[in-house]
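# What follows is a predicted protein model with its sequence.
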Amino acid sequence: EINGHVHVQYGRPMSAVPPLDAVLSEPMIFLSAAQRQVVQRYQHLAALADRLPCWVPARTVADALGFDHSGIELALRLAGRPYVWATEFENV
């Protein structure tokens, strides 16, 4: 941990992951600084571009991408609690 951020290595330069609240009230998705150009393309996410890296509510990302919340609601029912996700996890 450096300056309150957890650092993780994905075969790329180390990136800082901002800490989350100890108790999550909703599912969150991590958006890294490497995703800045993509984030800027979506009206619902563009304001976050200068705050990257950051955690964003999953529903906000779903709204920006034009998805409903049914997958999020199903995941919440199955997990029984809010979850976190990062696209970096998809290739692990």
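Nice, thanks for sending it over.
# Going by length in residues, pull out the top helix of the protein.
Criterion DSSP state H: the longest helix present in the chain is helix 70-79.
# For it, buried residues please.
Neighbour counts over helix 70-79 (16 or more other CB atoms under 10 Å) mark 72, 76 as buried. To be clear about C-beta, it is placed using only N, CA and C from the backbone, and glycine gets the same treatment.
# Helices of this protein, residue ranges please.
With DSSP H as the criterion, the chain has helices at 36-40, 58-65, 70-79.
# what's the first one packed up against?
Read it as helix 36-40. Applying 3 or more CB pairs under 8 Å, 6 or more residues apart in numbering; DSSP states H and E, we find helix 36-40 packed against no helix or strand.
# And the contacts of that helix?
Under the criterion CB atoms under 8 Å, 6 or more residues apart in numbering, residues 31, 45-46, 48-49, 52 lie in contact with helix 36-40.
# ok, now the last one?
By CB under 8 Å, 6+ apart, the residues outside helix 70-79 that reach it are 27, 58-59, 62, 82-83.
# Please report how far the closest residue to Arg59 other than its chain neighbours lies from Leu76.
The spatially closest residue to Arg59, leaving aside those adjacent along the chain, is His69, at 5.6 Å (CB to CB, 6 or more residues apart in numbering). With distances taken as CB to CB, to the nearest Å, His69 is found 9 Å from Leu76.
# Next: Asp68.
The value you get for Asp68 to Leu76, if CB to CB is used, is 14 Å.
# ditto for Thr87
Distance of Thr87 to Leu76, computed by CB to CB: 20 Å.
# Kindly report the same for Val17.
Remark: distance between Val17 and Leu76 (CB to CB) = 22 Å.
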